[in-house]
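[1] predicted model, plus sequence, below.
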Amino acid sequence: MIISMTLELKDIPGQLVLALEPISELQGNIMSVVHQHEEKTPRGTIPVQVMFEIEQSRLDELTERLEKSGVRVARVGEERLRASVSVVLIGHIVHSDMGDTIDKIDSTGFAEVVDLSLSMPGIEKPSSAYLVINAVSNRELDKALDILRDVASRKELLLIEPIKMNEGT
Amino acid sequence: MKTVRITLMGFGAVGQGVAKTILSKNEYLKKQGIDLRVVGITDSKGSDINIDGIDLKAVISRKKETGTVATGNMSALDIIRNVDHEIMVDVTPTNIENGEPGLGNMLSAFGAGRHVVTSNKGPLAMRFSELKEAAEDNGLFFRYEATVAGAVPIFNLVHEALAGNTVTGIEGILNGTCNYILTRMAEERMPYELVLKEAQELGIAETDPAYDVEGIDAALKLVIIANSIFGTGATYHDVDVTGITKITPEALELASQNNSVIKLVCEAVDGKLRVAPRLVPKRHPLAVGGTLNVASIQTDLAGRITISGKGAGSIETASSILSDIIYIARHL
């Protein structure tokens, strides 16, 4: 599961390492750290937002370890996959190991393939697939797309991405 | 009344379109205070010159009957240098090997003090900064609205109407042939090869379609946009190009079930130039059908502005050329 945690650190050197170490020790995969030095809490501590992937069973132990080392856990929440992108793949999708293609996205922990429609007009003919990928945020979605671009180029598949839907559209 | 003399280099579909348009717009031009005279016309076989103004009707019928405008054999470069005129209009065919003869015509024109209007992509896609510099060094106008998206006024829009804005990105569909093929494939669920054949029979695609369907033509236009609007000094080699030859009817069908279409989209965003098939939501302004072209411009002040229209055709292209000629005439 993907966890977003707000921690409060004492305003002395070495605290950030103290906060992040237990996450890696428990095989957590840190995805982002936002350290707000200027924003102190009324308690004089510095808030840090950490996002990471970790096995659910290890979450309690992590909280315990953090509190024990003097890091206050102010908030714990599960992150949902909020960003979404649809792409089309064309080529020998099945014969180039479709499972592996999907797994390359799913194994990131921050993105997964949530829908797949496949059209196979005939043996030897290229197949076409429509994939929907969800991710925690747009930044993770971009990373997932990078991975898919790389996989598609290695497997000689044509990847059709959506146009950028920036402001005003 | 201001007399403005032009020469017309090239008398193919676009050149004839320009001649017809000047004839049909004679009254309009007079009302604008412009007495527009064509004093020299060339094609691949020869040339016609008349310093008082060539009879365009006669040239059009001569071209039809004999296959050439020629009444003499003075070369294009000689005419540019030695026949007095204000604007050289280059509508010679696009050549992406070395840009000639358009490149030589344009550089000579700037050297001889002539303003330049062109529809020829080749020289601009290859040597944009050199041409722009030659124009600026000599204090001359260099206008090329017709090189990208036919009748759609992208450069006028950005440089004149949107002056003051910083353009942060451009997306567009700039090749009508590809757009026609993808539209027909989606509508008729026909495979690429069949639609291509149909397009060739209709004269929408060339016998050798590679230039269009591999995305080369679209990439050249994107290079001109990048140079003109972002001043990046980009060349064709800076564009990441993917064509439409691998698109399947099934992919279009899957896209359609999800309210999208697949379009060959040119994109200049964050300094990156890319031409590739992309998913476009059906109701998005970029999702134009048939042979239409479209450009969507993201700006800091005006937000997003999208224009679409006909990207080819002799009269449509002549519309952009005439607009450039009138722009220069007004500033003389």
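    Right, received. Where do you want to start? Numbers count the residues shown, from 1 in each chain, chains lettered A, B, ... in the order given.
[2] so what's residue 15 up against?
    All of this is about chain A. By CB atoms under 8 Å, 6 or more residues apart in numbering or on different chains, the contact set of A:Q15 is A:L9, A:I46, A:V71. Just so you know, the C-beta spots here come from the backbone N, C-alpha and C atoms, and that holds for glycine as well.
[3] look at chain B instead
    Listed by CB under 8 Å, 6+ apart, the contact set of B:G15 reads B:L8, B:I41, B:D43, B:V91.
[4] roughly how far does the last one sit from chain A?
    The reference is to B:V91. For B:V91, the distance to chain A (CB to the nearest CB, to the nearest Å) stands at 33 Å.
[5] looking at chain A, which helix or strand is least sure?
    Least confident helix or strand of chain A, by mean pLDDT, DSSP states H and E, is strand A:29-35 with a mean of 86.
[6] can you list the weak-confidence ranges in chain A?
    By pLDDT under 70, the low-scoring segments of chain A are A:165-169.
[7] residues from it in reach of chain B?
    Within chain A, the positions near chain B by CB under 8 Å from any CB of the partner chain are A:86-88, A:90-91, A:117, A:119, A:121, A:126-130, A:158, A:160-164, A:166-169.
[8] closest to A:A144 out of the contacts of B:G15?
    B:V91 (47.5 Å; CB to CB).
[9] how about the helices in chain A?
    Counting by DSSP state H, chain A has helices at residues A:15-25, A:59-68, A:98-106, A:138-154.
[10] between helix A:98-106 and the longest one, find me the angle.
    So the one you mean is helix A:138-154. Per axes from the mean of the first three to the mean of the last three CA atoms, to 10 degrees, the angle that helix A:138-154 makes with helix A:98-106 is 150 degrees.
[11] can you point out the buried residues in stretch B:173-181?
    For stretch B:173-181, burial by neighbour count (16 or more other CB atoms under 10 Å in any protein chain shown) applies to B:I173, B:L174, B:N175, B:G176, B:T177, B:C178, B:N179, B:Y180, B:I181.
[12] can you flag which of those residues belong to strands?
    Within the buried residues of stretch B:173-181, residues falling in strands by DSSP state E are B:I173.
[13] geometric centre of the chain: which residue is closest?
    Since you didn't name a chain, this refers to chain A. Among the residues of chain A, A:F110 comes closest to the average C-alpha position under CA atoms, centre = their mean, at 1.9 Å.
[14] wrong one, chain B
    Note: chain B centre (CA atoms, centre = their mean) maps to B:T147, 2.1 Å.
[15] and the chain, what are its domains?
    The chain I'm using is chain A. Per the record, chain A has its domains at A:2-78, A:83-160, by automatic domain parsing.
[16] my question was about chain B, not that one.
    Following automatic domain parsing, one finds the domains of chain B at B:2-150+B:314-331, B:164-310.
[17] could you dump these into CSV and include mean pLDDT?
    Shown next, in CSV, are the domains of chain B (pLDDT from 0 to 100):
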stretch, mean pLDDT
domain B:2-150+B:314-331, 96
domain B:164-310, 95
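[18] using JSON lines, lay out the ones you listed together with distance to A:M5.
    Shown next, in JSON lines, are the domains of chain B (distance: least, CB to CB, whole Å):
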{"stretch": "domain B:2-150+B:314-331", "distance to A:M5": "51"}
{"stretch": "domain B:164-310", "distance to A:M5": "32"}
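[19] hmm, back to that, wait, which of the contacts of B:G15 is closest to B:V280?
    Taking CB to CB as the measure, B:V280 lies nearest B:V91 of those, at 32.1 Å.
[20] what's the first helix or strand after the host helix or strand of B:Y28?
    Using DSSP states H and E, the element containing B:Y28 is helix B:26-31. Downstream of helix B:26-31, the first helix or strand assigned by DSSP H and E is strand B:34-43.
[21] next, the closest residue to chain A within the stretch 1-150 of chain B: secondary structure please.
    In the stretch 1-150 of chain B, the residue that lies nearest chain A is B:A149 (17.3 Å; CB to the nearest CB). Following DSSP: H, G, I helix; E, B strand; the rest coil, we place B:A149 in the coil state.
[22] number of residues surrounding the nearest residue to it once chain neighbours are set aside?
    Using CB to CB, 6 or more residues apart in numbering or on different chains and skipping the chain neighbours, the partner closest in space to B:A149 is B:N293 (4.2 Å). Applying other CB atoms under 10 Å in any protein chain shown, we find 27 residues neighbouring B:N293.
[23] tell me which residues in the helix or strand encompassing B:V261 are buried?
    According to DSSP H and E, B:V261 maps onto strand B:260-269. Neighbour counts over strand B:260-269 (16+ other CB under 10 Å) mark B:S260, B:V261, B:I262, B:K263, B:L264, B:V265, B:C266, B:E267, B:A268 as buried.
[24] with distance to B:I96 added, can I get the helices of chain A in JSON lines?
    Below are those laid out as JSON lines (distance: least, CB to CB, whole Å):
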{"stretch": "helix A:15-25", "distance to B:I96": "54"}
{"stretch": "helix A:59-68", "distance to B:I96": "61"}
{"stretch": "helix A:98-106", "distance to B:I96": "36"}
{"stretch": "helix A:138-154", "distance to B:I96": "26"}
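[25] residues contacting A:V73?
    A:V73 touches A:M5, A:T6, A:L7, A:T63, A:L66, A:E67, counting by CB under 8 Å, 6+ apart.
[26] what sits opposite the third one in the beta ladder?
    Just to be clear, that refers to A:L7. Under DSSP bridges, the beta-bridge partners of A:L7 are A:V48, A:V73.
[27] can you pull out the helices in the stretch 201-332 of chain B?
    B:210-213, B:216-225, B:249-257, B:314-331 (DSSP state H, counting those that start in this stretch).
[28] now do residue 127: how many residues are near it, please.
    All of this is about chain A. 22.
[29] that answer is for a different chain, and I need it for chain B
    Here the number of neighbours of B:R127 (other CB under 10 Å) works out to 19.
[30] and the residue nearest to the centre of chain A, how far is that from chain B?
    22 Å.
[31] quick one, which of the helices of the stretch 201-332 of chain B gets closest to B:L36.
    Among the helices of the stretch 201-332 of chain B, helix B:314-331 comes nearest to B:L36, with 7.1 Å by CB to CB.
[32] list the buried ones in that closest one?
    Using 16+ other CB under 10 Å as the test for burial, helix B:314-331 gives B:314-329.
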